[in-house]
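Asker: have a look; sequence and predicted model below, questions after that.
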Amino acid sequence: MTAEPDGMRRQDREILDRRELDELLHAAAVCRLALARHDEPYLVPLSFGYDGRRLYFHTALSGRKLDFVAHNPRVCFEVEEEPQVVEHAERGCAWGMAYASVIGYGRLVELQGEAERKRGLDEIMRHYSGRADWPYAPAVLARTRVWALEIDSLTGKRAPGKPEEV
């Protein structure tokens, strides 16, 4: 995995520590997945799992997301810790946000075979429940597609909780 291709404008806010990026990915409740088809963007919030190398998602057998993925498996994703509004008692333009986020790029690959698909679902379940030994009903598996996002690059950014002077 590499850093963001174009660099970060606010380098003073960049998160360079890979452990901190991983912590944010493990702690996030939602992953926003950005897809593109021709000149049409599509952004969707998803539940996910993360094993330190790849993100995992599940989908139905068909739908808009999958139409986009079939056209272009290259995606961008974002996760964040809960942002907080930072108020300023005197100046409206001095308000801001305290946050930490991770943005990455990669390629979606559909997992094949029952064992591989179960492993992806296990990572999603581990993300939310802390355990990965859940049973999956055959009927549910038959109507579920499981995806791995092969991450090419990651960047992180953190804004402090103190308003900037304007």
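Answerer: Arrived safely. Numbering: from 1, shown residues only.
Asker: how far off centre is the helix or strand of the chain at the bottom of the mean pLDDT ranking?
Answerer: Least confident element among the helices and strands of the chain, by mean pLDDT, DSSP states H and E: strand 84-86 (a mean of 73). How far strand 84-86 lies from its chain's middle: 22 Å, per CA atoms, centre = their mean, to the nearest Å.
Asker: OK, contacts around the residue lying closest to residue 156 once chain neighbours are set aside?
Answerer: Leaving aside its chain neighbours, residue 156 sits nearest to residue 15 (3.0 Å; criterion: CB to CB, 6 or more residues apart in numbering). C-betas here are computed from N, CA, C, even on glycine. Counting by CB atoms under 8 Å, 6 or more residues apart in numbering, residue 15 makes contact with 21, 24, 100, 102, 155, 156, 157, 158.
Asker: the longest helix anywhere in the chain: what's the following helix or strand?
Answerer: When the chain is parsed with DSSP state H, its longest helix is helix 114-129. Using DSSP states H and E, the helix or strand that follows helix 114-129 in sequence is helix 138-142.
Asker: gap between that next one and the chain center?
Answerer: 25 Å.
Asker: could you give me the average pLDDT of the helix or strand following that helix?
Answerer: Heading C-terminal from helix 138-142, the first helix or strand you meet, by DSSP H and E, is strand 145-159. For strand 145-159, mean pLDDT rounds to 95.
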